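Participant: Generate a structure from the sequence data that follows.
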Amino acid sequence: MGWPEKLVIATHNIGKLEEFRALLPGIELVSLTEAAPALTDIPETGGTYLQNATIKARAGAEATGILSLGDDSGLEVDALDGAPGLHSARYSGGGAKLNVEKLLLALGERPRRERTARFRCVLVVAHPDLSIALTATLGTCEGFIDFVPRGEHGFGYDPVFVPTEQTAERTLAEFDQAEKNAISHRGNACRALLKAL
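Facilitator: The predicted structure is shown next:
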């Protein structure tokens, strides 16, 4: 299975859609908002990133009849035993800003050496004919959680996540899109997926 001319990204998250458009040039990418507006919510009932990404990819493919890419990702903080992890998007129950505030409160004044974390992303591609095997890949990005939010770009936890793969100690929200895509968990997962397909 090679890349098609059109691919559904099984999300309503505009930030994710824009990242995928930068990572997968030359392919027409559409969100569920455009391709299947009636599919307003896909329950993430899986116990792993792979299970949730598979649920999303299959739901997108079934609803649209088009090859569909499901993404599940999360932030894992070592000092919090991997939390927020699978529940990253719903960590506070009140959106991205409150998620960041809850995370910083949970970490308190822990020193930098105790603020290590990683973003993890699993991508799954599902064919509308679900008898065809799924393709899945994993991407990660190591770093640490800063003490205060910085930067105007990105979304989610980007304003407090400092990748270790740099020397300037900027948060992901201080990166432009191309810089972020070069090292991000989603960028790494996309590059692995392109090779796999």
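
Participant: quick one: low-confidence ranges for the chain?
Facilitator: Residues of the chain that meet the criterion pLDDT under 70 lie in 1-4, 131-133, 197.

Participant: those strands in it, which residues are they?
Facilitator: Ranges of strands in the chain, per DSSP state E, are 6-9, 28-31, 68-77, 116-126, 135-145, 161-163.

Participant: can you pull the contacts of the residue most central in space within the chain?
Facilitator: Nearest to the mean C-alpha position of the chain, counting by CA atoms, centre = their mean, stands Ser73 at 4.1 Å. Going by CB atoms under 8 Å, 6 or more residues apart in numbering, Ser73 touches 49, 88, 119-122, 185-186. In short, each C-beta sits where N, CA and C put it, glycine included.

Participant: In CSV, list the residues you listed along with distance to Val8.
Facilitator: Putting those into CSV (distance: CB to CB, whole Å) gives the following:
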residue, distance to Val8
Tyr49, 19
Ser88, 23
Phe119, 23
Arg120, 23
Cys121, 18
Val122, 17
His185, 21
Arg186, 17
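
Participant: Look up how far Ala61 lies from Glu15.
Facilitator: One correction, residue 15 is Gly, not Glu. As defined by CB to CB, to the nearest Å, Gly15 lies at a distance of 22 Å from Ala61.

Participant: So which of the two has more stuff around it?
Facilitator: Higher neighbour count among Gly15 and Ala61: Ala61, with 24 against 14, using other CB atoms under 10 Å.

Participant: Okay, and the beta partners of the residue nearest to the centre of the chain?
Facilitator: Going by DSSP bridges, Ser73 is paired in beta bridges with Cys121.

Participant: heads up, I number from 560, so please use that
Facilitator: Got it, the first residue is 560 from now on, which makes the last one we talked about Ser632.
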